[in-house]
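J.: How does the following fold in three dimensions:
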Amino acid sequence: MLTINKLNSGYGKLHVLYDLSLEVKNREIVAVLGPNGAGKTTLLNSIFGLADIYSGEILFERENLVGKPPHIISRRGIAYVFQLMNIFPNLTVEENLRLAAKFTKGSKEDILSRLERIYNLFPILRERKRQLAGTLSGGERQMLAISLGLVRDARFLLLDEPLAGLAVKYVDFLTKKFNELRRDLGISILLVEQNVRKALEIADRVYVLVSGRVIFEGSSKDLLREEEIMRMYLGVSKE
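T.: A predicted model of the protein is given here:
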């Protein structure tokens with residue numbers, strides 16, 4: 001679904017990504033790992049039209065996204081779940097979802113169907129639908145943030161550290177749900193994550209970024225065999 005060819009990007013004169021190439025196939029979960037400052041979030045920002053592209057291609061279903069603004073990219077079926085500031089805290093859960101749904105095509109029945117699908121996926125949101133979003137727990141807020149993409153009928157999710165700071169029960173729950181999204185709804189996921197071991201559990205393939213460059217591409221099993229990369233750049237030693 002997504003093919004990036006020799007991407008160079010950043011912010012103004014700050015060059016962050018260098019000749020980066022990456023691919024995400026249909027119904028695939030791909031993890032992007034690396035130390036702080038490696039350019040992981042800039043990669044997501046580049047895809048979603050929030051960074052400056054100096055050269056290269058970003059193809060989504062063979063359409064070049066370079067130069068397109070975020071609202072157009074969103075309409076193509078891509079949803080970006082930011083690490084922070086990813087919900088409307090002063091609105092209820094359902095008001096968040098209905099507001100997001102207004103920016104999509106579809107009849108009232110389509111939107112109601114999407115809401116029901118979300119409540120089936122995350123039953124706790126049904127229980128909390130009249131609760132102010134800002135009063136949700138960290139894990140519940142993350143479920144809502146992901147749902148804001150799903151209610152817009154997204155087919156591709158960009159997730160920026162969705163497991164950061166969450167209790168173990170929510171980490172396990174969400175990683176299970178990511179697999180369900182891929183398996184049952186046909187959604188592809190590009191996942192930036194600091195929880196290396198959890199990312200490797202669910203990812204079909206992995207890219208490791210260091211200083212804006214890809215230093216590894218392969219399966220989770222292949223990366224686990226690269227002890228030096230795991231130790232030096234990901235802070236994970238062999239058990």
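J.: Is the residue lying closest to residue 197 once chain neighbours are set aside in a helix, a strand, or coil?
T.: Distance criterion C-beta to C-beta, 6 or more residues apart in numbering; nearest residue to residue 197, sequence neighbours excluded, is residue 236 at 7.0 Å. In this view, the C-beta of every residue, glycine as well, is placed from N, C-alpha and C. For residue 236, the assignment made with DSSP: H, G, I helix; E, B strand; the rest coil gives coil.
J.: Touching, residue 236 and residue 196? I think so.
T.: Yes - look at residue 236 against residue 196 with C-beta atoms under 8 Å: they come within range, at 5.2 Å.
J.: any common contacting residues for the two?
T.: Taking C-beta atoms under 8 Å, 6 or more residues apart in numbering as the contact rule, residue 236 and residue 196 both touch residue 230.
J.: how about the lengthiest helix in the chain: buried residues?
T.: Longest helix in the chain, counting residues (DSSP state H): helix 168-185. For helix 168-185, burial by neighbour count (16 or more other C-beta atoms under 10 Å) applies to 170-171, 173-175, 177-178, 181-182.
J.: same deal with stretch 82-93?
T.: Counting neighbours by 16+ other C-beta under 10 Å, one finds that the buried residues in stretch 82-93 are 82-83, 86-88, 92-93.
J.: Report the separation between the residue positioned nearest the centre of the chain and residue 126.
T.: The centroid of the chain falls nearest to residue 159 when counting by C-alpha atoms, centre = their mean (1.6 Å). Distance of residue 159 to residue 126, given as C-beta to C-beta, to the nearest Å: 22 Å.
J.: you'd agree residue 53 is up against residue 8?
T.: Yes - in this structure, residue 53 is within contact of residue 8 by C-beta under 8 Å, at 7.5 Å.
J.: Which residue ranges of the protein form strands?
T.: 2-11, 14-24, 29-33, 52-60, 63-64, 78-81, 156-160, 188-192, 205-210, 213-218 (DSSP state E).
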